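In: got a sequence here, can you build the structure:
(chains A and B)
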Amino acid sequence: MTVGTSADAVETGRAADLPRAPGRLRRLTGRDKTVLTLMTGVPTALMVVFVWIPALASILLSFTSWDGIGLDSIKWIGLRNYQQIFTIYPSFWPAVEHNVLWLVVLALLPTPFGLFLAYQLDKKIRFSRFYQSAFFLPVVVSSAVIGFVWELIYNPDHGLINSLFHTNNPNGTYLDWVGNPKLNIWAVLVAASWRHAGYMMILYLAGLKSVDPSLKDAAAVDGANEWQAFRHVVFPALRPINVVVAVVTVIEALRAFDIVYVFNKGEHGTELLSILITQNIIGEASRIGYGSALAVILLVVSLAAIIPYLIVTFRKERRT
Amino acid sequence: MTATALASDTARPSGAHPVAGKRRVRPARVVLHVFLACTALAWLVPMLWAIYTSLRPYSETQSKGYLSLPSTLNFQNYIDAWNQSGMPHYFWNTVMIAVPAVLLTLLLSSFVAFTVTQYNLKINLLLLMVFTAGNLLPQQVIITPLYRLYLLISLPSQVSDSGKMYDTIIGLVVIHVAFQSGFCTFVLSNYMKTIPTGLREAAVVDGATVWQIYSRIILPLLKPAVAALATLLSIWIYNDFFWAIVLISSGDKMPITSSLANLSGTFFTNDNLVAAGALLTAVPTLLVYFLLQRQFVSGLTLGAEKG
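Out: Numbering: from 1, shown residues only, chains lettered A, B, ... in the order given. Coordinates of the predicted model:
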């Protein structure tokens, strides 16, 4: 925060000597360079040490067996973790299936529904703010709280649904939304979709704001009906936001954890990759190599979404 | 640039669509309103049901069932949840984590965004990518080595009982800052690109140092973006569940959101208390939501807009 006057004087001289080439480092004093290096270096170091090095370490550890006690107990075992995960780990394929299902459901139901809501609310409509607030509410509340709130709905004995439809009779119809592996994944997906739709609505509302209204008017003059105008004019104009929506949806599907963990700890029908990884570190037996191999699988799938997104986002950058 | 999605569409001048005459679309509008009102109501049902459950005494719901008309409604469950479970302590933990985390994240990411947008360095694009991609990684991708790393890093005993970074509030602050600075750097650098470079150049001619340019010229211009991001980050960090579940082992160091998992079952022994506890946890986020909704939404869409 303090600025030395001597450094100021030096820099004034330099600035006068080289008035061209804005923003080049050679115009900076040594002190300026130090400041700039610190300003960039500290955050970058944090990011690298606590995010990227662990990400890379996951890859290395995934080829090892380690009980976590002492660094010398790390043993290189090649692909054995992967081989075991793919062949004999009973929770793995169900987890993959559930993550895929999660993605498919988010992409096919709440995402288009969020777009639909945004499109309707983007018309000059009364009470728009009230509607938006209602749909957006679940996005603000933590997904852990959402897990508890939906538990009150799904509780097999006295939850809202089973009380309403009398499906809580242990001797008759008993729908166990939490424990039954055929039902519980759908139950949490409803809760997750409930949250996702509001999120998508807000993103699309922002996107629709940047669509030139005269485009729609022109389509109307040309005799296009509402669907045609949306399909051929509005939707193509939403391309930038669709890229964001796509990456957000994929990442959300891979990150899914809180709701499920609160709901039933991710067991018996609601296994997810994120849950399995966590179980392998905080469970009784910490199997680090195993957990890392699962993390690498998750990493590879996420990179399949992140890399195209980076390319689309920063391609423009390079040109300018 | 800032998308004030929630507010601006009601404010749009009514003459903007000369073709769609008001009278022609009326029946469709009525259908739309009915549809939106019903859907919005349905959307609120889970929260309303939780509120209803939380206001009823456990004894009454035991005898009459949860789906019944109330004879007593009071705040006793909230009082019990608050007093019995030590919730105030967990709220305080959250404050201790969220306040430094939000401030540090904004400070550090504004530094990076400043360098990347104001100076022509070869590594700028790489830096931006490292930050943007870092925030997109699922947390579970890094958690296993991170957990081990936290057990390896030593901290002085004044700040850590175990002498490790693991199981400390500092550890949580650090991972929040590292993880969230990715998103904030991306958003702030997009925002800073809209600042004319002439401003900085004039300051350079006047002999301003790098730090002066940052603190006196660029930072004041960032206020709207920083306000939006601060709101968004506060809610995100407040809502975080995962980091503390893995990186904290002592129950008494948990932030409020993560402590819910422990409290339900031990202190929140019935659904009425669970509802009250969960809703109490949601109160700060709901307050922010109602008071600063516009900031929150523009923070969320700032990142998306330039995508």
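In: any idea how far the nearest residue to B:Asp161 once chain neighbours are set aside is from B:Ser258?
Out: Spatial nearest neighbour of B:Asp161, excluding adjacent residues (C-beta to C-beta, 6 or more residues apart in numbering or on different chains): B:Asp167 at 7.5 Å. Heads up, the C-betas are built off the backbone N, CA and C, glycines and all. Separation of B:Asp167 from B:Ser258 (C-beta to C-beta, to the nearest Å): 13 Å.
In: my read is the residue nearest to B:Asp161 is in a helix, agree?
Out: No. Read with DSSP: H, G, I helix; E, B strand; the rest coil, B:Asp167 is coil and lies in no helix.
In: wait, doesn't it sit right on B:Lys253?
Out: Yes. Contact criterion C-beta atoms under 8 Å: B:Asp167 and B:Lys253 qualify, at 6.5 Å.
In: which of the two has more residues huddled nearby?
Out: A side-by-side neighbour count of B:Asp167 and B:Lys253, using other C-beta atoms under 10 Å in any protein chain shown, places B:Lys253 first with 22 against 17.
In: secondary structure element holding residue 243?
Out: If you meant another chain, say so; for now it's chain A. Assigned by DSSP states H and E, A:Val243 belongs to helix A:239-255.
In: wrong one, I was asking about chain B
Out: Assigned by DSSP H and E, B:Trp243 falls within helix B:242-247.
In: gap between that helix and the chain center?
Out: Mean C-alpha position of helix B:242-247 versus that of the full chain (C-alpha atoms, centre = their mean, to the nearest Å) differs by 16 Å.
In: from the contact counts, what lies against it?
Out: helix A:273-282, helix B:139-152, helix B:169-192, helix B:256-266 (3 or more C-beta pairs under 8 Å, 6 or more residues apart in numbering or on different chains; DSSP states H and E).
In: average pLDDT for it?
Out: If you average the pLDDT over helix B:242-247, you get 92.
In: which residues are in contact with that helix?
Out: A:257-258, A:261, A:278, A:281-282, B:139-140, B:143, B:146-147, B:150, B:166-167, B:171-172, B:175-176, B:254-255, B:257-258, B:261 (C-beta atoms under 8 Å, 6 or more residues apart in numbering or on different chains).
In: then stretch B:30-46?
Out: A:117, A:120-121, A:123, A:125-127, A:130-131, A:134-135, A:137-138, A:146, A:149-150, A:152-153, A:191, A:194, A:198.
In: leaving out sequence neighbours, find the closest residue to A:Leu294.
Out: Nearest in space to A:Leu294, with sequence neighbours left out and distances taken as C-beta to C-beta, 6+ apart, is A:Ile277 at 4.8 Å.
In: so who does that neighbour touch?
Out: If you count contacts by C-beta under 8 Å, 6+ apart, A:Ile277 has them with A:Gly291, A:Leu294, A:Ala295, A:Leu298, B:Gln140, B:Ile143, B:Thr144.
In: ok, now how distant is it from A:Ala57?
Out: Going from A:Ile277 to A:Ala57 by C-beta to C-beta gives 14 Å.
In: and for those two, which residues touch both?
Out: Here A:Ile277 and A:Ala57 share no contacting residue, scored by C-beta under 8 Å, 6+ apart.
In: so what does the one helix or strand A:Pro54 maps to touch, helix or strand wise?
Out: Secondary structure assignment for A:Pro54, by DSSP H and E: helix A:53-61. With contacts taken as 3+ C-beta pairs under 8 Å, 6+ apart, helix A:53-61 sits against helix A:288-319, helix B:139-152.
In: report all helices and strands that the last one contacts.
Out: Packing partners of helix B:139-152 (3+ C-beta pairs under 8 Å, 6+ apart): helix A:53-61, helix A:273-282, helix A:288-319, helix B:169-192, helix B:242-247.
In: most neighbours per residue, which of these?
Out: Mean neighbour count (mean count of other C-beta atoms under 10 Å in any protein chain shown) peaks for helix B:169-192 among these, with a mean of 25.
In: is any residue of it near chain A?
Out: Yes. Using C-beta under 8 Å from any C-beta of the partner chain, helix B:169-192 reaches chain A at B:Val174, B:Ile175, B:Val177, B:Ala178, B:Phe179, B:Ser181, B:Gly182, B:Thr185.
In: what about the stretch 151-300 of chain B, any weak spots by pLDDT?
Out: Along the stretch 151-300 of chain B, no part satisfies pLDDT under 70.
In: quick check: the residue nearest to B:Asp161 vs chain A, distance?
Out: In this view, B:Asp167 and chain A are 12 Å apart by C-beta to the nearest C-beta, to the nearest Å.
In: and what of B:Met96?
Out: According to C-beta to the nearest C-beta, B:Met96 and chain A sit 18 Å apart.
In: ok, back up a step: among the helices and strands packed on helix A:53-61, which comes closest to B:Phe267?
Out: Minimum separation from B:Phe267 across the helices and strands packed on helix A:53-61 (C-beta to C-beta) falls at helix B:139-152, 27.1 Å.
In: now render the helices and strands packed on helix B:242-247 as TSV, adding distance to B:Arg26.
Out: As requested, the helices and strands packed on helix B:242-247 are exported to TSV (distance: least, C-beta to C-beta, whole Å):
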stretch	distance to B:Arg26
helix A:273-282	49
helix B:139-152	49
helix B:169-192	41
helix B:256-266	46
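In: and these: which comes nearest B:Leu121?
Out: Comparing these against B:Leu121 with C-beta to C-beta, the closest turns out to be helix B:169-192 (12.6 Å).
In: what packs against the closest one?
Out: helix A:30-47, helix B:87-118, helix B:124-136, helix B:139-152, helix B:223-239, helix B:242-247, helix B:293-305.
In: helix A:288-319 and the second one, what's the angle between them?
Out: Computed with axes from the mean of the first three to the mean of the last three C-alpha atoms, to 10 degrees, the direction of helix B:87-118 lies at 40 degrees from that of helix A:288-319.
In: show me what helix B:87-118 packs onto, helices and strands only.
Out: Applying 3+ C-beta pairs under 8 Å, 6+ apart, we find helix B:87-118 packed against helix A:30-47, helix B:124-136, helix B:169-192, helix B:223-239, helix B:256-266, helix B:271-291.
In: among these, which is nearest A:Thr270?
Out: Each of the helices and strands packed on helix B:87-118 has some distance to A:Thr270 by C-beta to C-beta; the shortest is helix B:256-266, at 15.3 Å.
In: and the closest one, what does it pack against?
Out: In terms of contacts (3+ C-beta pairs under 8 Å, 6+ apart), helix B:256-266 is packed against helix A:143-154, helix A:258-264, helix B:87-118, helix B:223-239, helix B:242-247, helix B:271-291.
In: what residues sit buried inside the third one?
Out: Neighbour-count burial for helix B:87-118, counted by 16 or more other C-beta atoms under 10 Å in any protein chain shown, picks out B:87, B:90-91, B:93-94, B:96-98, B:100-102, B:104-118.
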